[in-house]
Each structure stands twice: as C-alpha cells, then as structure tokens.
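Enquirer: sequence first, predicted model second:
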2 protein chains.
Amino acid sequence: MTQKLVTKPFIEVLSGNRQASPPMWMMRQAGRYLPEYRATRAEAGSFLDLCFNAKLAAEVTLQPIRRFGFDAAIIFSDILVVPYALGRAVRFEVGEGPRLDPLNSPDLVGTLNGAIDLSKLEPVFEALRIVRSELAPETTLIGFCGAPFTVATYMVAGQGTSDQHPARLMAYQHPGAFARIIDVLVESSIQYLLKQLEAGADVLQIFDTWGGILPPREFEKWCIEPTRRIVEGVRKVSPGAKIIGFPRGAGAMLPDFIARTGVDAVSIDWTAEPNMIRERVQSKVAVQGNLDPLLLIAGGSALDQGVDDVLKNFSAGRHIFNLGHGITPDAPVAHVEQMVKRVRAYKG
Amino acid sequence: MTQKLVTKPFIEVLSGNRQASPPMWMMRQAGRYLPEYRATRAEAGSFLDLCFNAKLAAEVTLQPIRRFGFDAAIIFSDILVVPYALGRAVRFEVGEGPRLDPLNSPDLVGTLNGAIDLSKLEPVFEALRIVRSELAPETTLIGFCGAPFTVATYMVAGQGTSDQHPARLMAYQHPGAFARIIDVLVESSIQYLLKQLEAGADVLQIFDTWGGILPPREFEKWCIEPTRRIVEGVRKVSPGAKIIGFPRGAGAMLPDFIARTGVDAVSIDWTAEPNMIRERVQSKVAVQGNLDPLLLIAGGSALDQGVDDVLKNFSAGRHIFNLGHGITPDAPVAHVEQMVKRVRAYKG
C-alpha cells in the first residue's frame, strides 16, 4: 500500500516554495510559560533528568503542538548534551544555569576526549521516535545541536558568561587549543545530527546563540567554517538534509554565512534590518523569525504591530514565522494565542 | 596678533579630509587600567566626586594624552550626569555600578522634572576649560552625552540591566510615558552639549550604548529620531558643530542612522561588517573604531592582526582609529603601547 505523500508546509518553504500563510513555531516553545510543562518538569526531577527521560521529553515536545497547533515541533533537549556525551561533567544548578568542569587552558583541552558516546544520548533518539510517531504527518519534527562556537563558550568557561570572554580570549591567545575543541564538536555534532535524522527528525537547526559577538575574521573562523563543515558532513550521508542556521546577532555578516555554509534557511533575531535581509538573504534561502520575544510580555497593540511588521517584512518571500530568540518563562499564554491568531489570519 | 591656524587631524577627518595616518584615541581612555588614574581616583573619593571635581576631572582627562599622545581627549564625566542635573538621585555603589530612583511607571514619569539645572554641571564645564587650556592646539577635545534611549534605560530601571527590558517594556506598553522621558532628555542634552562647546569642546559624541538592542521600528523611534533632534538643536545654535554618533550594535541600520541624523561620523563596534560599512557608511561620513577591546587583553600576534584588520578595512577612507567599545580595566598598558605603535607606523 503506497503511503499517501503528505506535504509539510514547513518543508515546502525550505524546499523553495513560499506559503501564502507562513508556517510557524516558537523557539523554546516547550517551556516554563506553559502550566503543563511545569507539571511534567516537576515530575521529571532535574532539567537533565527531563532531557534524558524519553517519555517525558516527548510529552513536553508535543504539548505546544497540542495547545497551539504549530507547524513544527522541536525535540526537547539542550545544546550541552554533546559535551555530556563527550564525558564532560554537565549539571544544571537550580536558578544558576549550566555548570561544567572548565576547559580553560591548553593543557586541559589536551585532556578532552575526542570521541562522542552516542549511547549516552539514546533517550533523545527514543524521544524523537515517540514524537514522530505521535505527530500528524504534516507537522515537521526538528532536531538540533548547538553550534561549536556557542557550545565551546560553555565548555571553556564552565558556565554561561555575559560576554563569552574566556572562550574568545582562548581563541585569540591559544587558537590551536580552541580549534581542537571546535574540531571535536564539529565531528561529534555531525554524528549526533545524523542519528537524529535516523530517529525521525525532518529538519535540523544549528543554534549559534553567541556567534554574533565575533568580529569578522573570528566569525569566519569560528562560526561560518565549523557550520559549513557540519552541513557538509551531514549531507555526505544524508544529501537531502534540510538545515537551518541561527548565528544570532550576525547582522550584515548573514549574506556571507548563507553563501559559505549551504544552509537551507537562516533564523534571524529581532534587530535584523529588513531591506538587507530581503535583498541579500531571503533572495537565496528561507528566512525564519523574527518577533521580539519581549512583545509576548508586552501584549496589546504593540504585539499586534510587531506581528504585522514581521509579516510585512518577510512573508512576501519564503518565510517561517518565529521569534527572534526563545520565548521567556514570563510570557502569558494569552499573548501567544493573540500572536498565533494574527499570524494564521494572514493570507498574504 | 592673528592666532596661527592650527589644523587638528581629528577635525580634518570629520571635515572630509582623510589622513594618511589615522588620528586615534580610545573610548574610556581615562580609566582604571592606568596607575595614575587609580591614584587620582583614590584622591577624589567617589566616582561622582571625581566627575564633579573640575581640577581632578581635568587631570584624568589629560593623563592618557600625556602617556600615549592620543589625537583627542574626551572630558571625564558620565552619561548619568544629565539625570543628576534633572534632580534624579544618582549614586554609584562600589562594585555595583549606578543606582537611581526608578521611573518605572507612567505615574512616576509624571513626576519627572523637565528642566535641567545646568549649574549642577558647572564643574564639568570648568574641567573642559582647564583641559582646553592645557591641551596642545592640534589635540581635539571631545564633549559628550548619553543618547536619550540609553540614558532612559538607567532612569526607568534605576540601574544598569543586561537586556534593557524595563525600559523596552515601558516603550511598548506606555509609549507616551516613555516619550516624555525621551523628550526631556533630548532638550536637556541639547543644552548640555551647547554648554560643553562654549566651554571649549571641539567635537561632541552621543553614546547610544544600548541602541542596537532595538528592532527596526523602535530603533527609528527611540534612537534615530531623538539623535536627529539633538543634532538639529545643537546646530541651530552652533551650525558648524562636529558630532559623532555611536549607536552600538546598530549593524545594517547604520546607513539609515547616518542619513537621518546628520552626524559627521559614526563610531562602530567590532562586529561591524566591513564591506557594508565602506559602501554605505564610510562613503558618506567618517568612521571611528573598531578594534575588539578584548584584543588589548589578549595582546601578542592576535592584537597585531586585529590592528592590521581595522587599518586595512577602514583607513583607506576617512577613519579615526578607536576601539569598538571602551577599554576595560584589566588591559595591560604595554598592550595599549603595542597598539599605538602599530597604528602610528601605518602610513597608508
């Protein structure tokens, strides 16, 4: 019996076909702004316990789809599971965020285990299989990883930092050692992403949350080139893989990023200048974004105006509606509903 | 006796004449990385005590000129002296940064005194007169203010914030109240800048440290328009006033900024994409910047490479060499000397 070919609006946009009504989802849509997430999170114990409990991770991945009908689900996980699978001691302290054993000297970098143990991530692949089996066929499932530079900023400092100085300083003073961390993360991320495709992910996204902090030469070396190598490595095994890049804050360096990495789409943050994006980015790849998440706190006419601006700026082209960064825990659900309603009403 | 007309390389660049060797100075050049600054700072007592002690403020303004021979001195002061002169309770807590009484509701904004008391800033004008009298004629003296949006982020929150959410949220939810703060700051800044010109400043700079966090519509409303009004207001009284804008992180919104505000130059941060800057910014105004301040910590070949990149990217046009943001207290003086030597050796 031939399986009825189901079109996924999300995949259509990535494959070159604009949709009259842009598909939509939200970064961090599985999160603390949802009461049902908070309940499942409490049941699971720690944050990592939730990531590695396949059944509960699948549950929180599906919750925003059930509630809002988004066009894509993104597997519930974290960019630091790759260092975890490389044997780094990763933990999440309540109210403090991630903590790792810092890799803040060339000698320590020398001790980094170069081989990822993917068996440690089996719960993520199991959660992907569960989600894929429960999602409607037309809903896209997104797998993801952190980009090497962004993951390296946590590995070097041993935690999040406001300015990424420890990692940036190592990149300047010990480029060889920093390159070793990047190389290990490139190879590990390729394997991790391929396993996510195998487990049912339709699309992959690479999150470079801190990429935009880099000056041009460093952006080329530590953001563009590692992303290019990951895209190339994934496509060697899975030639048709659909991949979205998100070098947050990259601004006018985006045209170079898309030309050199070969991604199918790029996510943009809320400060992106629309004319440059339309002319030099959206003319080549699909664009995802870019509502200011603060508007989901503000609500009211400002939220309506913000949604209309995003639609007017980008929905004439290949566009996936999203935020410019993740939704924050203090966003009222009613404001998310207000946004969804307005985007769904758009028939540009 | 006719005074011999002395050309100031800095002013030449702002007036349209490229210099073979770019004039240079550093944002926050009067700062804790200098031992002589630390000594004067200790003598003065609190940070505000130093700002309002004309003799000592002049001394720390002159110290980096004596030590490095920079082409410009910037008066030692702070962007929060304007709210101070508007009657806001401004204080600097050691290790904590600035603290003000928050203006975080429309009602509280209603209590904002709209008239600046410039007599409270007389020590700044006195320090300017002292510095101007002691500077070599060819050295430029810069007066400055914070841009209204950036100053408003401190006034609304009552302190510095990592994401400027309190002010941004007021701008979304209570645009009328936020506009009142901006209007008071526009008018006060015009008067404050004119008094600095009177006291001997040759050039003015407007620091919008947080401008780049705004999405396009908000950037236009709270960064471009207030800066345009200040430039217009200053030039109504002093038509030839030379003014530098610094909307940090504005990226691809810079062409719009320079076209609409009428500034003579724009300072750019280290993430600026060079091709776009040359084609759409430096073709119209002078460019100031943009070395990554972290390179003054890194030193070595990375610092040399960074200096060479800035010179190669911008010194073929009208360029003032500077950092992409202020020098940090942990920068070794030897690395500053390394940078100065390399820039001075450039005869492009």
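Expert: That came in fine, so what should we check first? Numbers count the residues shown, from 1 in each chain, chains lettered A, B, ... in the order given.
Enquirer: need the contact partners of the host helix or strand of A:Y84.
Expert: Here A:Y84 sits within helix A:81-85, counting by DSSP states H and E. Here helix A:81-85 makes contact (C-beta atoms under 8 Å, 6 or more residues apart in numbering or on different chains) with A:48, A:51, A:90, A:100, A:116-118, A:120-121, A:124, A:145-146, A:151, A:154-155, A:185, A:188-189, A:192. Where you see a C-beta, it was placed from the backbone N, CA and C, and this is true even at glycine.
Enquirer: list the buried residues of the helix or strand that comes right after it.
Expert: Using DSSP H and E, the next helix or strand after helix A:81-85 towards the C-terminus is strand A:91-93. By 16 or more other C-beta atoms under 10 Å in any protein chain shown, the buried positions in strand A:91-93 come out as A:F92.
Enquirer: stretch A:246-265 too?
Expert: Judged by neighbour count (16+ other C-beta under 10 Å), stretch A:246-265 contains these buried residues: A:246-258, A:261, A:263-265.
Enquirer: near chain B, list only the ones from those.
Expert: With C-beta under 8 Å from any C-beta of the partner chain as the criterion, the subset of the buried residues of stretch A:246-265 in contact with chain B comprises A:G249, A:G251, A:A252, A:M253, A:D256.
Enquirer: burial check on the closest residue to the last one other than its chain neighbours, number of neighbours?
Expert: To tie it back to what came earlier, the one meant is A:D256. Ranked by C-beta to C-beta, 6 or more residues apart in numbering or on different chains and with sequence neighbours excluded, the top spatial neighbour of A:D256 is A:I224, at 6.6 Å. When neighbours are counted by other C-beta atoms under 10 Å in any protein chain shown, A:I224 registers 25.
Enquirer: what of the one 3 residues further on?
Expert: The number of residues packed near A:T227 is 27, by other C-beta under 10 Å.
Enquirer: look up the closest residue to it, ignoring the ones flanking it.
Expert: Counting by C-beta to C-beta, 6+ apart, A:T261 is the residue found nearest to A:T227 once chain neighbours are left out, at 4.5 Å.
Enquirer: angles on the backbone of A:A72, please.
Expert: phi -140, psi 140 (degrees, to the nearest 10).
Enquirer: list the buried residues for stretch A:41-58?
Expert: Within stretch A:41-58, the residues that qualify as buried by neighbour count (16+ other C-beta under 10 Å) are A:R41, A:A44, A:F47, A:L48, A:L50, A:C51, A:F52, A:N53, A:A54, A:L56, A:A57, A:A58.
Enquirer: got the contact list for whichever residue of the stretch 101-250 of chain A sits closest to chain B?
Expert: For the stretch 101-250 of chain A, the nearest residue to chain B under the criterion C-beta to the nearest C-beta is A:Y172, separated by 3.7 Å. By C-beta under 8 Å, 6+ apart, the residues touching A:Y172 are B:L294, B:L295, B:A298, B:G300, B:A302.
Enquirer: of those, which are in range of chain A?
Expert: Residues of the contacts of A:Y172 in contact with chain A (C-beta under 8 Å from any C-beta): B:L294, B:L295, B:A298, B:G300, B:A302.
Enquirer: so which two of those are the farthest from each other?
Expert: Farthest-apart pair in these is B:L294 and B:G300; separation 12.4 Å (C-beta to C-beta).
Enquirer: so for the two, which sits in the more crowded spot?
Expert: Here B:L294 and B:G300 are set side by side on neighbour count (other C-beta under 10 Å), and the busier one is B:L294, at 26 against 12.
Enquirer: who touches the more buried one in this structure?
Expert: By C-beta under 8 Å, 6+ apart, the residues touching B:L294 are A:H165, A:R168, A:L169, A:Y172, B:T328.
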